[in-house]
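In: I would like the atomic coordinates for the input below:
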Amino acid sequence: MGAAFQSYTITTLFSLPETQESEEEFFKSLSEKINNLIICDFDGLIRILYRIDIEEKKIKQMLATHAQEDAGDLIAKMILEREQEKAETRKKLKQQNKESDEERW
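Out: Below you'll find the predicted structure:
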């Protein structure tokens, strides 16, 4: 999970406690919240996933190919992977901006 652990975006969008004992506890809380949203507020879950920038098509494909696995776990993994990708992209862009700033002088 790495950098995505305890992501402010995730804790805020899913109304999770701001501190968790471990990455496993965070994942478990996120997965349970997702399963609850699937049952009680699927449209709300879709809105959250849209804000996180996870394509509905990818979710449907993942759920179809892993039908025997827990949907909350699968979606939680996708969310954490996406947050990791975004963190890496921000890091690369920050580095590129730093390098271009140095070249200006």
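In: now stretch 73-90: how far from the chain's centre is it?
Out: Centroid separation for stretch 73-90 versus its chain: 4 Å, with C-alpha atoms, centre = their mean, to the nearest Å.
In: same question, stretch 23-31
Out: So, by C-alpha atoms, centre = their mean, the centroid of stretch 23-31 is 12 Å from its chain's centroid.
In: For that stretch, the averaged confidence score.
Out: Mean pLDDT, stretch 23-31: 93.
In: Please name the residues that touch the residue nearest to the spatial centre of the chain.
Out: By C-alpha atoms, centre = their mean, the chain has its centre lying nearest to I79, at 2.4 Å. For I79, the contact set (C-beta atoms under 8 Å, 6 or more residues apart in numbering) comprises A4, I10, L30, I34, L49, I52, I54. Every residue, glycine included, has its C-beta placed from N, CA and C.
In: now, among the residues you listed, which is nearest to E88?
Out: A4 (10.3 Å; C-beta to C-beta).
In: that older thread, tell me which residues of the one helix or strand the residue nearest to the centre of the chain maps to come out buried.
Out: Using DSSP states H and E, I79 maps to helix 71-104. Residues 71-80, 82-84, 86 are the ones in helix 71-104 that count as buried (16 or more other C-beta atoms under 10 Å).
In: Which residue is the nearest non-sequential neighbour of L37?
Out: Once flanking residues are discounted, L37 sits nearest to L45: 3.9 Å by C-beta to C-beta, 6 or more residues apart in numbering.
In: for that neighbour, what are its contacts?
Out: By C-beta under 8 Å, 6+ apart, the residues touching L45 are I34, L37, I38, I75.
In: any idea how far L13 lies from G44?
Out: From L13 across to G44, the span is 10 Å (C-beta to C-beta, to the nearest Å).
In: Revised request: answer the last question for F14.
Out: F14 is 10 Å from G44, where distance means C-beta to C-beta.
In: Export stretch 39-51 to CSV, keeping only CA atoms.
Out: Below are the C-alpha coordinates for stretch 39-51, written out as CSV (Å, rounded to 0.1, in the frame of the first residue of the first chain):
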residue,chain,number,x,y,z
ILE,A,39,-25.5,-2.2,-0.5
CYS,A,40,-26.8,1.1,0.8
ASP,A,41,-25.6,3.9,-1.6
PHE,A,42,-24.2,2.5,-4.8
ASP,A,43,-24.6,5.9,-6.6
GLY,A,44,-22.7,7.5,-3.8
LEU,A,45,-19.9,4.9,-4.3
ILE,A,46,-19.8,5.6,-8.1
ARG,A,47,-19.5,9.4,-7.3
ILE,A,48,-16.6,8.8,-5.0
LEU,A,49,-14.9,6.5,-7.5
TYR,A,50,-15.3,9.2,-10.2
ARG,A,51,-13.7,11.8,-7.9
